[in-house]
Every structure is written in C-alpha cells, then in structure tokens.
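*Asks:* Mind looking at a prediction? Sequence and model below.
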Amino acid sequence: MVASKLIPFVVTATVIGNHHGVKGTILGGGIVSTYTDVQPQADIALDLRDMEDLLSSSSNDALKDIEEAKEIYFSGKHSAVDDTVQPPVMRSLFQMSADTINGEFRSQRMHEPTYLFHIHGLRNEAEQTGNNYLYAVVYKSFFDDVSNPALAVESAVALNLWMFVSHEIYDAIEDCKAASVEINREVGLTRNDHAAHALDEAIAYWIGTGQDGGRNRGHALYSLAQRAGELFGTNVDGGEAKVNTEIIELYHEGRSVLAFSDSCTGSENDDALARLHSVANRIHARMMIPLMQMLIHGMREQDIGRVGIYARAVVPQISACSESRYQFLKSTLIDNDYTHDLFLDVLHALQRSFDCLGFSCEDIGAYKTSVIAECADVPADYPIAGYTPTTDVREHAKIDLDVKQIEILSMYNAFTTAGRYYMYGKNSKEDGGYRSLHGLATSTNRAQVDPWFNIFNSYFGSEDYADVSIRAALDETGAWAAASKEQRSASIVNTAKTSVMTMYGLREFYDARANCLSGGNVKSSASSPRTSIHRGESSWDRGIAFFTGSLEGGKEDGSDTIDGQLFFNVAKQMCVYFGTCNSRPSSSFNNAKVNEELLALFISGKGLVVANTCEELSSTIKQIESLLLVALFQGTVHFAILSQNEERGTTNSDVAIADAYTKSILPLIHHYDEDAGLLLEGNLVYSHTRQPVVGGIDAVTQSLNDAINAGLTVDCTKVGAQEGVGLCPDEFFSNSSSDTHISAPISVLFEIIILGGASLLLLS
C-alpha cells in the first residue's frame with residue numbers, strides 16, 4: 001500500500017470547455033490550453049512528485065520509502081486510465097516502457113523512429129532485457145546510487161516519460177493516416193486513438209500537473225528543460241526555456257494542421273501527413289536538447305549516476321547518425337564506466353552529433369556561462385571529403401542521413417515509417433520543409449542529364465524508374481511481393497545510393513553546364529566579385545554534396561567505411577575488393593583511386609564553372625560519368641560473385657543489392673549492346689522464381705565487356721579484379737576454360753522471353 005504523504009502546493013491543471021463542446025485542459029497555469037481533456041495524463045507528474053518526495057525523505061525507514069516509490073512507479077497512483085470502476089485503473093511510468101497500456105504502445109512503437117533508433121543503439125542490452133530495457137535502467141537506479149536514490153525519478157522522466165511523449169507525437173501521424181472524415185472531428189477529439197487527442201496528450205505529459213509556467217518548479221519534462229536551460233543560459237530573460245517555448249509553438253502548429261474536419265481525409269490529406277511528419281521531427285529534435293544538456297552537465301561535474309542515465313537517453317539516438325561516433329560514445333559512456341580524462345574527446349563527439357540530432361551549438365548554449373563555452377557549428381565552407389565548396393550545401397549533403405535512417409527502419413520491418421522518410425524527407429532541410437529522396441527520384445530536372453536520362457527512361461518505360469522500384473519494395477508489391485524484409489531493405493537503400501543519388505548528382509553538374517552555356521555563371525556585380533555567387537557554382541557544389549554526403553567529413557579520404565552512405569563510400573568499399581585503393585601513411589582510411597580522380601575533376605570543374613569555360617566543362621562531366629561507372633561496375637560484379645551460389649527463392653539480401661547495382665547501369669549496357677543487356681538482366685535482375693546468376697559470373701563480366709567494346713566508356717584497368725574476376729581481357733578470359741561469348745546466353749534469353757521482357761521485369 002502506498003502512503004499518501006507530503007502533498008505540497010500544486011499548480012493544478014484546469015478543465016475547460018471549447019466551442020466544439022469538448023472539454024480541454026489548462027496546463028502550467030495557462031501556458032497551454034488543450035482542445036481535449038488530458039487532465040489524467042498531466043497527473044502522471046504527481047506520481048513523479050510523490051516518488052521524489054519519498055526518495056528524498058530523511059525518514060528513518062529509507063527502505064520502506066524506496067519500496068513505496070517503486071510501488072508508485074510500477075502501479076501508478078494519480079493518473080487514471082479508467083476512473084469509472086473502483087478501484088480506478090491507473091497508468092504508470094513503468095507501463096510507459098512495458099508491453100501494457102491496453103496494447104497501444106506495444107503494437108505501435110515498433111513503427112516509431114525514435115523508439116527503433118533507441119533499440120538499434122542499445123541492441124545488445126535490449127536483447128538481454130527484452131522490450132522493457134528502459135524500465136530496467138530505471139529499476140537499477142533505485143539501488144545503484146544509494147547516496148542519491150532520487151536519480152530513479154530523474155531516470156523515469158528522461159527515459160520512460162520522454163519516450164512516451166515521443167510515442168504520442170508519432171501516434172498523431174498514425175492516427176491521421178487511419179482517420180475517416182466522420183470521426184476526425186467528432187470522435188477524434190475525444191478518443192485516444194485519433195490524431196487531435198494524441199498531440200494534446202503529448203503536451204500534457206511534457207508539462208504535467210504542478211508546473212509553474214516559466215519556472216523550474218514542476219515534476220515532468222518541462223521542468224527538466226527549465227533546469228537544463230538555467231545551467232546552459234538558454235532560458236529567455238531568465239524565464240521560460242527556449243526549448244519549452246519552441247515545443248509549445250510546434251504543438252500549436254501541429255494542432256493547426258488538424259483544425260478542419262477533413263484535415264486527414266480530404267483531398268489534401270497527404271499534405272497533412274507531410275506537415276505532421278515535419279512537426280513531429282522538429283518536436284523530437286527540441287526534446288533532445290535538455291537530455292544533451294544534462295548529459296554534458298553530468299560529465300562536467302563527474303556525476304556518474306546522471307551520466308549513466310543521460311548517456312542511455314542520448315547515445316542510442318546517435319546510432320542513427322554516425323556509426324563510428326556512436327560506437328565510440330557507447331563504449332565510453334555505456335559499456336564502460338565514464339572517466340573524466342576522456343571528457344574533451346567525448347564532448348567533441350557529442351558536439352559533432354548536434355547537427356544530425358536536429359539542433360545547433362546555440363541551442364545547447366554555454367555551460368555555466370564560461371565553464372564550457374558554446375561550441376561552433378560546422379561552417380558553410382567546411383570541406384566535403386577534401387573538396388571546399390564556395391556555397392552553402394550543408395543541408396544538401398545531409399540527404400545521406402535519410403538513406404542511413406531508412407535502412408535502420410526497414411531493418412526492423414518498419415516499412416511504413418521508412419516510406420515516410422523516403423516520401424517526405426527527414427534530415428535535409430529545404431524551403432521550410434525537407435528535401436526527400438522521392439523528390440530527387442521524380443524530379444523532372446533530371447532530363448538535363450543527356451543522354452543518360454533518356455536512355456534510362458526509354459529502357460524502363462518510366463521517367464520515375466527508381467521511384468517505382470523503391471516504392472514496390474516499400475509496399476511489398478511487384479517483384480518484391482515474395483521478397484524477405486532484408487531483401488526489400490537492401491533494394492530500397494542501394495537503389496537510393498546507386499540510381500537516385502547518382503542521376504540527381506549528375507543533374508546538378510549538367511545544370512552548372514546549362515548555366516555556363518546560357519551565360520548565367522557570370523557574376524552580377526563586377527565591383528564586388530563575391531557579392532553574387534555564380535549560379536553554376538551552387539549547382540556544382542550541390543552535385544558534389546549529393547555524391548559524397550555529410551557523413552564523410554572534411555578530410556580527403558573521408559571517414560570510416562561504416563559511416564558513409566553515398567557514392568563516395570560505395571567506391572571506398574569496392575576498391576578493397578578490387579585492389580583499386582590508395583593507402584597513405586598520413587591517412588587513417590583507404591580511399592578509392594577513382595575517388596581521388598573524381599576529387600581532381602570536382603576541383604578543376606569548379607574552376608571551369610567560374611571561368612565560364614563551357615566546352616571543357618562538358619568534357620569534365622563526361623569524365624566524371626566514366627569514373628562513376630567504374631564503382632557501379634565493381635558493385636555489380638562483387639554482388640554477382642556473392643549471389644552466384646544462391647538458390648531460387650533465396651532470402652539473401654545480396655541478390656537484392658546485385659539487382660540495385662545492375663539497374664544502375666543496365667540501360668546503358670542495353671543501349672550499347674542489346675544482347676549484353678538481356679544477358680545481364682537474365683542473370684542479376686531480381687526474381688523470386690529464378691536462380692540468381694544462372695549463367696555464371698562469366699556471363700556477367702561478358703555482358704559488361706561487350707558494352708565496353710561497343711563504345712561505353714569505362715576503363716577496365718580502373719575496375720580491377722576481385723578473386724581473379726575482372727573486365728580486362730587477361731583477367732576476364734582467365735576465369736573461363738571455354739569461350740564465354742557462347743556460354744549460357746541461349747537459356748537465359750529464353751527465360752527472359754518467357755517472363756515477358758526487360759521493361760516488365762525491371763519496373764516491378
């Protein structure tokens with residue numbers, strides 16, 4: 001039985017009515033008025049209050065107080081789920097992380113990005129404790145720090161409550177998607193399974209009953225943000241924390257999306273989903289700020305208990321950013337006891353993660369004014385793998401984070417959420433919204449890439465060929481209807497890398513060329529040459545950002561191969577297999593020779609853009625195209641080798657990756673030699689009913705060589721060889737004891753004819 005003791009002054013939430021006849025709630029003494037009754041949700045803060053009072057008590061029976069606090073944590077006390085029965089059914093902080101609450105969280109959280117990134121980042125620990133990992137962290141804190149048992153309350157706020165607020169925010173998107181026009185307004189405002197109410201619940205949990213607006217007197221996340229803001233000087237004029245102000249503004253923005261009865265069901269329902277997606281992502285980024293501030297605070301003060309709590313709140317989310325940075329932080333802060341001698345290294349790694357997490361150095365502020373100075377964000381001219389842009393393309397480069405996060409989501413079978421990241425974007429900001437892979441895959445501007453785009457369009461019978469393939473894998477349709485989730489994930493990610501980003505990166509180079517030919521690259525102000533940037537410069541810089549991405553960093557050799565996501569990383573991975581890397585003692589990582597050649601062309605091409613030297617610029621772009629094909633050829637051969645022993649109907653993801661690489665070059669192969677195209681298609685285009693690489697690896701290399709011999713510009717010596725398999729004559733013919741030009745194609749061609757031809761196969 002939980003004792004009812006120590007009930008201090010409470011700033012109560014007030015239930016009000018609105019013009020729809022539905023009761024709302026005033027929170028924080030008037031800082032927010034919700035549209036629906038969320039008083040019971042706000043009352044979870046009173047559980048936190050009572051737990052804190054018990055655990056901070058100077059009672060002579062400390063063990064009894066701990067047990068009472070644990071009872072509140074597990075069973076709840078103030079927040080009623082159903083008060084029509086006696087005793088009332090209570091929600092609890094424990095249930096916010098466990099498989100309860102009427103099954104709501106259990107069924108939905110496996111599609112929510114914040115939760116999945118957390119599970120991904122704590123995958124080893126989560127495997128040991130199941131889905132109740134966050135509860136396990138809180139439970140341990142009841143006992144681990146006997147000098148400060150109140151940390152259990154702080155961990156419940158930072159882990160259980162924080163994650164459940166995130167759940168409610170993403171729940172609003174799911175509810176909007178599922179809503180019907182009859183219930184969006186009438187029932188949606190009063191039931192927990194509809195979007196309008198979900199946002200009200202989120203803000204109620206964030207602020208909580210007992211919160212004094214603009215102060216740190218409270219018990220829930222709003223109060224935590226106030227305390228963190230005081231430490232880092234981010235409370236506005238000593239009042240409300242900037243992050244609290246922004247979250248409340250975003251809450252109102254989200255509610256405005258749902259202001260009309262047909263918001264989620266009318267003709268513009270997709271726009272509502274996109275806007276809610278944007279709001280949810282921005283709220284989540286704001287929510288991370290106080291967690292990061294408190295982690296840095298714990299590290300600086302050598303408060304090991306708080307470091308343990310906030311490391312487990314922050315570091316798992318970084319697993320969706322840089323893998324190498326995440327591994328370092330996890331090893332330093334979670335797997336091992338934090339030691340202060342690593343403070344500067346850890347701080348730097350955290351600061352380098354701010355941008356990916358969605359906030360800036362200014363958002364975090366300076367710790368205690370001068371103890372830790374405010375950091376500096378990456379400057380606009382920060383190099384991209386050795387190339388220094390003259391225009392700001394930092395946001396463009398962050399499209400690689402979408403690729404990485406889509407891969408994580410699809411790994412956990414969250415294809416619906418991965419589809420939203422693909423359709424609406426997540427990390428690359430553009431014009432108040434997000435740039436998306438879908439937008440790049442369907443842009444009509446790609447037609448500038450002449451003749452490649454026309455060749456691809458003609459072959460596939462669709463301008464949106466890559467989008468068609470990705471959406472089929474997302475929706476489990478067409479050729480991907482019988483595929484494994486690993487194959488679908490691999491197809492989506494690798495099609496984005498090899499087809500979407502390659503073609504759109506080239507589009508930017510061709511745009512620079514078009515501006516050159518039209519004279520549009522001339523500076524508009526002769527008296528101040530840098531007051532007006534060449535339009536072509538911006539296009540050229542964007543192209544390099546799209547080929548390289550943000551995760552490669554500034555050094556010429558880029559970052560670890562576990563980090564990069566775009567073409568630059570593809571080339572680095574493939575060079576290891578084909579013996580085409582350059583290794584320098586001064587570098588921590590190997591780089592592909594083709595990347596080094598591309599960097600030289602990127603730099604010289606920029607000079608040609610500035611100088612308006614259009615003919616030479618055109619030649620440079622053609623050289624870039626030829627070098628791009630080197631890595632794509634390598635990838636095709638590499639995954640053909642990995643797939644050649646797989647059986648029909650295999651669930652192995654290698655065959656899906658082989659399919660993606662093949663489709664990135666197949667229209668060109670077919671354009672230069674139709675038989676070579678049919679041969680390559682019959683061996684590597686994915687089909688659940690056909691054995692992969694049915695003609696053997698020689699059929700694959702033959703098709704590539706035939707296209708080269710027919711005029712496709714690829715230097716076989718740059719491709720190299722893997723396990724003796726290459727494209728140059730000596731390497732190629734050494735693989736076969738027979739005349740490879742007559743091996744297997746008849747059966748392959750017969751199978752292709754029976755299945756309906758190239759375009760039908762590839763568009764699925």
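*Replies:* That came in fine, so what should we check first? Numbers count the residues shown, from 1 in each chain.

*Asks:* in the chain, which residue is closest to the centre?
*Replies:* The centre of the chain sits closest to residue 405, judged by CA atoms, centre = their mean, with a distance of 2.9 Å.

*Asks:* Test my guess that that one contacts residue 421.
*Replies:* Yes - using CB atoms under 8 Å, residue 405 is in contact with residue 421, at 5.9 Å. The way it works is simple: take the backbone N, C-alpha and C, and place the C-beta from them, glycine included.

*Asks:* Now the common contact residues for those two.
*Replies:* Any residue near both residue 405 and residue 421 by CB atoms under 8 Å, 6 or more residues apart in numbering counts here, and that gives residue 113.

*Asks:* ok so, going back, ramachandran angles for the residue nearest to the centre of the chain?
*Replies:* When read as degrees, to the nearest 10, the backbone of residue 405 gives phi -70, psi -30.

*Asks:* For burial, what's the neighbour tally of residue 297?
*Replies:* Using other CB atoms under 10 Å, residue 297 is surrounded by 22 other residues.

*Asks:* ok, for it, nearest residue in space, not its chain neighbours?
*Replies:* Spatial nearest neighbour of residue 297, excluding adjacent residues (CB to CB, 6 or more residues apart in numbering): residue 231 at 5.4 Å.

*Asks:* any idea which helix or strand carries the one you found?
*Replies:* Using DSSP states H and E, residue 231 sits within helix 221-232.

*Asks:* Packing partners of the helix or strand following that helix?
*Replies:* Sequence order places helix 242-257 as the next helix or strand after helix 221-232, per DSSP H and E. Helices and strands touching helix 242-257, as assessed by 3 or more CB pairs under 8 Å, 6 or more residues apart in numbering; DSSP states H and E, comprise helix 195-207, helix 221-232, helix 269-300.

*Asks:* Okay, now the unreliable bits of the chain?
*Replies:* Low-confidence segments of the chain (pLDDT under 70): 1-22, 99-108, 125-147, 179-193, 266-268, 521-533, 585-588, 730-764.

*Asks:* Let me see the contact set for residue 253.
*Replies:* Applying CB under 8 Å, 6+ apart to residue 253 gives the contacts residue 279.

*Asks:* hey, where'd the strands end up in the stretch 301-450 of the chain?
*Replies:* Assigned by DSSP state E, counting those that start in this stretch, the stretch 301-450 of the chain shows strands spanning 429-430, 433-434.

*Asks:* What strands line up against the first one, and which way round?
*Replies:* What it means is strand 429-430. Paired neighbours of strand 429-430 in the sheet (DSSP bridges): strand 433-434 (antiparallel).

*Asks:* Contact partners for the closest residue to residue 251 other than its chain neighbours?
*Replies:* Counting by CB to CB, 6+ apart, residue 203 is the residue found nearest to residue 251 once chain neighbours are left out, at 4.7 Å. Listed by CB under 8 Å, 6+ apart, the contact partners of residue 203 are 27, 32, 34, 38, 247, 248, 251.

*Asks:* same thing but at 10 Å, please
*Replies:* Taking CB atoms under 10 Å, 6 or more residues apart in numbering as the criterion, residue 203 is in contact with 25, 27-28, 31-32, 34, 38, 41-42, 165, 168-169, 222, 247-248, 250-252, 254-255, 283.

*Asks:* between the helix holding residue 231 and helix 195-207, how big is the angle?
*Replies:* Per axes from the mean of the first three to the mean of the last three CA atoms, to 10 degrees, the angle that helix 221-232 makes with helix 195-207 is 50 degrees.

*Asks:* what helices or strands is helix 221-232 leaning on?
*Replies:* Counting by 3 or more CB pairs under 10 Å, 6 or more residues apart in numbering; DSSP states H and E, the packing neighbours recorded for helix 221-232 are helix 44-55, helix 162-178, helix 195-207, helix 242-257, helix 269-300, helix 361-364.

*Asks:* now, of those, which is deepest in the fold?
*Replies:* Greatest average neighbour count among the helices and strands packed on helix 221-232 goes to helix 195-207 (a mean of 28), per mean count of other CB atoms under 10 Å.

*Asks:* any idea how far that one is from the chain center?
*Replies:* 24 Å (CA atoms, centre = their mean, to the nearest Å).

*Asks:* just stretch 225-241 next, same as before
*Replies:* Chain-centre distance of stretch 225-241: 29 Å, with CA atoms, centre = their mean.

*Asks:* Equivalent analysis for stretch 154-170, please.
*Replies:* 20 Å.

*Asks:* And for stretch 613-627?
*Replies:* 33 Å.

*Asks:* still on that earlier bit, in this structure the residue nearest to the centre of the chain contacts residue 114, no?
*Replies:* No - between residue 405 and residue 114 there is no contact under CB atoms under 10 Å: 11.1 Å.

*Asks:* Give the residues shared as contacts by these two.
*Replies:* Listed contacts common to residue 405 and residue 114 are residue 320; contacts here mean CB under 10 Å, 6+ apart.

*Asks:* And the helices in the stretch 1-150 of the chain?
*Replies:* For the stretch 1-150 of the chain, the helices defined by DSSP state H, counting those that start in this stretch cover 39-42, 44-55, 62-75, 104-108, 113-121, 123-129, 133-144.

*Asks:* quick one, the third one and helix 44-55 angle?
*Replies:* What that stands for is helix 62-75. 160 degrees.

*Asks:* Give the buried residues for helix 62-75.
*Replies:* Buried residues in helix 62-75, counted by 16 or more other CB atoms under 10 Å: 65, 66, 68, 69, 70, 71, 72, 73.

*Asks:* hang on, isn't the first one packed against residue 152?
*Replies:* No - at 11.3 Å, residue 65 and residue 152 do not qualify as touching, with contact defined as CB under 10 Å.

*Asks:* Need the overlap of contacts for those two.
*Replies:* Joint contacts of residue 65 and residue 152 (CB under 10 Å, 6+ apart) are 51, 54, 55.

*Asks:* And the residues you listed, which is closest to residue 621?
*Replies:* Closest approach between the shared contacts of residue 65 and residue 152 and residue 621, by CB to CB: residue 51, at 64.2 Å.

*Asks:* Skipping adjacent residues, who's closest to the closest one in space?
*Replies:* Once flanking residues are discounted, residue 51 sits nearest to residue 69: 4.4 Å by CB to CB, 6+ apart.

*Asks:* What residues does residue 297 make contact with?
*Replies:* Neighbour list for residue 297: 227-228, 231-232, 290, 303, 306-307, 310, 367-368, 371-372 [criterion: CB under 10 Å, 6+ apart].

*Asks:* Of the strands of the stretch 301-450 of the chain, which is nearest residue 345?
*Replies:* Among the strands of the stretch 301-450 of the chain, the nearest to residue 345 by CB to CB is strand 429-430 (29.2 Å).

*Asks:* In the stretch 501-650 of the chain, what residue spans correspond to helices?
*Replies:* Counting by DSSP H, counting those that start in this stretch, the helices of the stretch 501-650 of the chain are 501-517, 535-548, 567-578, 593-611, 614-643.

*Asks:* Just put those in TSV and tack on distance to residue 450.
*Replies:* Formatted as TSV, the helices of the stretch 501-650 of the chain follow (distance: least, CB to CB, whole Å):
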stretch	distance to residue 450
helix 501-517	7
helix 535-548	15
helix 567-578	20
helix 593-611	17
helix 614-643	11
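
*Asks:* Ok, which of these comes nearest residue 463?
*Replies:* Of all those, helix 501-517 comes closest under CB to CB, at 10.7 Å.

*Asks:* So which bits of the closest one are buried?
*Replies:* 501-516.

*Asks:* OK, contacts around the spatially closest residue to residue 440 that is not a sequence neighbour?
*Replies:* Nearest non-adjacent residue to residue 440, counting by CB to CB, 6+ apart: residue 504, 4.3 Å away. Applying CB under 10 Å, 6+ apart, we find residue 504 in contact with 399, 437, 439-441, 443, 445-446, 449, 466, 542-543, 546-547.

*Asks:* Mind checking which of the residues you listed are in helices?
*Replies:* Using DSSP state H, the members of the contacts of residue 504 that fall in helices are 399, 437, 439, 440, 441, 466, 542, 543, 546, 547.
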